[in-house]
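> below is the sequence, then the predicted model.
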Amino acid sequence: MGFITRSTVAQTFLDRIRSTPDWVGFRYKPRLEGGTLGAWQEVTFGEFHERSRRISMGLMELGIKPGDRVAILANT
């Protein structure tokens, strides 16, 4: 039996990305025009990391700093 290490959610997520970047991280159905749902789409941990990185870089370009609070509006 292994031991439990204390880690943040962010660190656990980054560890998962590094160890299994090609694994499917989540699946979703995009909303199409008219409100219907499209076919299931898969996003790997690596793809999700890249999308997150681009969002964070864009926020930093706008002057957002670590510790600042940011609201994100998403169409779900």
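Perfect, I can see it now.
> just give me the neighbour total for the residue nearest to Pro30 when sequence neighbours are not counted.
Excluding its sequence neighbours, the residue lying closest to Pro30 (Cβ to Cβ, 6 or more residues apart in numbering) is Gly38, at 4.6 Å. Using the backbone N, CA and C atoms, a C-beta is placed for each residue, glycine as well. Residues within reach of Gly38, counting by other Cβ atoms under 10 Å, total 10.
> touching, Gly38 and Arg31? I think so.
Yes: applying Cβ atoms under 8 Å, one finds Gly38 in contact with Arg31, separated by 7.5 Å.
> which other helices and strands contact the helix or strand where Gly46 lies?
Counting by DSSP states H and E, the element that carries Gly46 is helix 45-61. Helix 45-61 is packed against helix 9-19, strand 24-28, with contacts defined by 3 or more Cβ pairs under 8 Å, 6 or more residues apart in numbering; DSSP states H and E.
> what residues sit buried inside that helix?
Neighbour-count burial for helix 45-61, counted by 16 or more other Cβ atoms under 10 Å, picks out 45, 48-49.
> what's it in contact with?
For helix 45-61, contacts defined as Cβ atoms under 8 Å, 6 or more residues apart in numbering pick out 14, 16-17, 20-26, 43, 70, 72.
> one more pass at 6 Å, please.
Here helix 45-61 makes contact (Cβ atoms under 6 Å, 6 or more residues apart in numbering) with 16-17, 20-21, 23, 25.
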